[in-house]
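Participant: what shape does this take:
(chains A and B)
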Amino acid sequence: ETGVTQTPRHLVMGMTNKKSLKCEQHLGHNAMYWYKQSAKKPLELMFVYNFKEQTENNSVPSRFSPECPNSSHLFLHLHTLQPEDSALYLCASSQELSWGSYNEQFFGPGTRLTVL
Amino acid sequence: AQSVTQLGSHVSVSEGALVLLRCNYSSSVPPYLFWYVQYPNQGLQLLLKYTTGATLVKGINGFEAEFKKSETSFHLTKPSAHMSDAAEYFCAVKQAGNQFYFGTGTSLTVIP
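Facilitator: Residues are numbered from 1 along each chain as shown, chains lettered A, B, ... in the order given. Take a look at the predicted model:
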């Protein structure tokens, strides 16, 4: 595997289900991100992990819970979601320095989530 | 906070015609600037980026963009559109720290 991979690619769940999205990066990067992509809206940054520490949480509802066990893996745990949470969830990674950097982010293909 | 404006959510061009996708940003300090492309059912792929130095940046697939500080713009161009260029294009800016700010995207249609 190369780059950034995400599983599953598609997920349909009911509002009472619990599921997890998985992201893995094979680039040796030290920062990972979760984004939500909805139609007609800018990409919404949800969570940032830098050196495995969560550094940003952009007012995301608690029904979304991230986990970063190591610098290569990132999970998004989902529970009691709402239909408006249906979207494409994108994972990304980058190599950052302590002061930030101008390095680009590398994206996975996304998980298309549908909440019924 | 940063903001990125992409004028025109949909752009249609004929095959072989010039492609121009517009991006303006708001920032008191010149940021780092990026263009990404997203094909259907795929993630975002970097087309090109501006960090420092030459203001005309060349990217993949024949695309280029010019950073104009006075106009706070970073428009994306390609001299001759190809059918394979049909996709969603996103402009993004980044300053200190990790955070990217993305525009709402421009959907490019290429007419045969």
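Participant: the closest residue to chain B within chain A pairs with what?
Facilitator: For chain A, the residue positioned closest to chain B under CB to the nearest CB is residue A:107, at a distance of 3.5 Å. In short, each C-beta sits where N, CA and C put it, glycine included. The partner list for residue A:107 in beta bridges (DSSP bridges) reads residue A:92.
Participant: so what's the residue most central in space within chain A up against?
Facilitator: The residue at the geometric middle of chain A, judged as the C-alpha nearest the mean C-alpha position with CA atoms, centre = their mean, is residue A:34 (2.5 Å). Listed by CB atoms under 8 Å, 6 or more residues apart in numbering or on different chains, the contact set of residue A:34 reads A:23, A:45, A:46, A:47, A:66, A:74, A:76, A:89, A:90, A:91.
Participant: can you tell me the closest non-neighbouring residue to the residue nearest the centre of chain B?
Facilitator: Centroid-nearest residue in chain B: residue B:35, 3.7 Å away (criterion: CA atoms, centre = their mean). Excluding the flanking residues, the one nearest residue B:35 by CB to CB, 6 or more residues apart in numbering or on different chains is residue B:47, at 4.3 Å.
Participant: tell me the secondary structure at the one you found.
Facilitator: strand (DSSP: H, G, I helix; E, B strand; the rest coil).
Participant: doesn't residue B:64 make contact with it?
Facilitator: No. Under the contact definition of CB atoms under 8 Å, residue B:47 does not touch residue B:64, with a separation of 9.3 Å.
Participant: returning to what we had before: select, from the contacts of residue A:34, the two members most distant in space.
Facilitator: Using CB to CB, those reach their maximum pairwise distance at A:23 and A:45, which is 14.4 Å.
Participant: between those two, which one's more packed in?
Facilitator: It is residue A:23, of residue A:23 and residue A:45, that has more neighbours when counted by other CB atoms under 10 Å in any protein chain shown, with 26 against 20.
Participant: in which helix or strand would I find the more buried one?
Facilitator: strand A:18-25 (DSSP states H and E).
Participant: for that strand, name the packing helices and strands.
Facilitator: strand A:4-7, strand A:10-13, strand A:31-37, strand A:73-79, strand A:87-94 (3 or more CB pairs under 8 Å, 6 or more residues apart in numbering or on different chains; DSSP states H and E).
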